[in-house]
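Student: Return atomic coordinates for the entry below.
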Amino acid sequence: MSILTLHTQHIMEPYEDARFALPPRFGYWSIPHTHDFYEIFLVAAGTVTHVVNNIRQVLPAGTMAFVRPHDVHSFEKNGSGDICYMNVNFRASTIMHAFDYLGSGFKSERFNESPLPPMLSVSPEDIEQTLGLYKRTVAMLTHSPSTDTTPVRAFLMEMLLRFFYPQMEQTDMTGPRWLSELLEEMDNENSLAEGLTRMQRLSPVSTEHLCRTMKKHIGKTPTEWINERRLRAAASRLTVSTDEIAAICFDIGFNSLSYFYTLFCKQYGMSPNVYRRNKHQI
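Tutor: Model prediction:
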């Protein structure tokens, strides 16, 4: 079966370095495709299924990815809720110029050598700040001469240096297929609630091997990864529901309310109560 290839000349004007898109809702499937440009996307709200290079990934809110021209991928809406999805397509030459400018210490070859697109998780605050930067960049492009490339290049540098470079310094952004499948299986409310016990049961390798592999490729231990995902789920429920904080704590798998508060404050810089109050004031 032939794969659809999207071309820069069909989606960008000759003077454009990038094309910005922020669909208010994501309600469709896309067919498998590749393209001759690079793409950075962020799942800002909801959950999306991403099929890339024959690997199926369930991506929750806060997932950011760097898709390369040789990747074959497609998207499916996951569940019935609304999806907010930010997408920016960059000319290949724009990415190459950025890599050249950042120099050999940036080790840009890592972006293209991994079997899957570099991918990371960002916090709710990072989502808000990224969407804010996105909107400011679009506004600057609207009111700037068509030849002004500064807003696009500033946006790209922010994404590379704030998010992808620190993550790739900590990990090699690759990993065995069984690890990707295990984390996908774990990334839902029921599995996270059961936690480490379920992860160990689903893992095809020993606990020690699992710990070593996750530390090498993810930069976190299994417990750290689970707690990070639990806290993200808690932050989402604090924003969209009126559930008691204690109920949220126990539903997502924590056995101690005080421990939950400690981790939440460490991750978000404020208590769950203050986090909820601030979100409801927005």
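
Student: now the helices for the stretch 1-150 of the chain?
Tutor: 8-11, 92-102, 109-113, 124-143, 150-159 (DSSP state H, counting those that start in this stretch).

Student: what's the spacing between the last one and its chain's center?
Tutor: In terms of CA atoms, centre = their mean, to the nearest Å, the centre of helix 150-159 is set 18 Å apart from its chain centre.

Student: circling back to that earlier point, any idea which of the helices of the stretch 1-150 of the chain is most buried?
Tutor: Stretch with highest mean neighbour count among the helices of the stretch 1-150 of the chain: helix 150-159 (a mean of 18; mean count of other CB atoms under 10 Å). (Glycine included, C-beta is placed from N, CA and C.)

Student: After the helix or strand of the chain with the lowest mean pLDDT, which helix or strand is next? Please name it.
Tutor: Ranking every helix and strand in the chain by mean pLDDT, DSSP states H and E puts helix 165-170 at the bottom, with a mean of 68. As assigned by DSSP states H and E, the chain's next helix or strand after helix 165-170 is helix 177-186.

Student: Buried residues of that next one, list them for me.
Tutor: Within helix 177-186, the residues that qualify as buried are 179, 180, 182, 183, 184, 186, counting by 16 or more other CB atoms under 10 Å.

Student: which residues does the third one contact?
Tutor: Looking back up the chat, that one is residue 182. 199, 202, 203, 204 (CB atoms under 8 Å, 6 or more residues apart in numbering).

Student: and if you look at the fifth one?
Tutor: When contacts are counted by CB under 8 Å, 6+ apart, residue 184 touches 56, 57, 58.

Student: Just put the residues you listed in CSV and tack on neighbour count and distance to residue 248.
Tutor: Converted to CSV, these look like this (neighbours: other CB atoms under 10 Å; distance: CB to CB, whole Å):
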residue, neighbour count, distance to residue 248
56, 12, 29
57, 20, 26
58, 17, 21
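
Student: I'd like the list of those residues that fall within strands, please.
Tutor: Of the contacts of residue 184, the ones assigned to strands by DSSP state E are 56, 57, 58.

Student: Please tell me how far the residue nearest to the first one when sequence neighbours are not counted sits from residue 59.
Tutor: If the residues on either side of it in the chain are set aside, residue 56 comes closest to residue 49, at 6.6 Å by CB to CB, 6 or more residues apart in numbering. Between residue 49 and residue 59 the distance, using CB to CB, to the nearest Å, works out to 7 Å.

Student: Who are the contact partners of the spatially most central residue of the chain?
Tutor: The centroid of the chain falls nearest to residue 63 when counting by CA atoms, centre = their mean (1.6 Å). Shown in contact with residue 63 (CB under 8 Å, 6+ apart): 42, 43, 48, 119, 120, 121, 122.

Student: In TSV, list those along with neighbour count, distance to residue 162 and pLDDT.
Tutor: Shown next, in TSV, are those (neighbours: other CB atoms under 10 Å; distance: CB to CB, whole Å; pLDDT from 0 to 100):
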residue	neighbour count	distance to residue 162	pLDDT
42	24	12	92
43	25	17	88
48	20	22	82
119	20	15	87
120	20	11	85
121	19	14	84
122	20	9	87
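
Student: Now do stretch 265-282: distance to the chain's middle.
Tutor: Using CA atoms, centre = their mean, the offset of stretch 265-282 from its chain centre is 21 Å.

Student: Excluding its own residues, what touches it? List them.
Tutor: Residues from elsewhere that reach stretch 265-282 (CB under 8 Å, 6+ apart): 123-125, 228, 231, 234-235, 238-239, 245, 248, 260-261, 264.

Student: okay if I get those as CSV plus secondary structure, distance to residue 106 and pLDDT?
Tutor: Shown next, in CSV, are the contacts of stretch 265-282 (DSSP: H, G, I helix; E, B strand; the rest coil; distance: CB to CB, whole Å; pLDDT from 0 to 100):
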residue, secondary structure, distance to residue 106, pLDDT
123, coil, 24, 85
124, helix, 28, 86
125, helix, 25, 86
228, helix, 26, 87
231, helix, 30, 89
234, helix, 35, 89
235, helix, 31, 85
238, helix, 37, 88
239, helix, 35, 83
245, helix, 42, 95
248, helix, 40, 94
260, helix, 38, 95
261, helix, 39, 94
264, helix, 34, 91
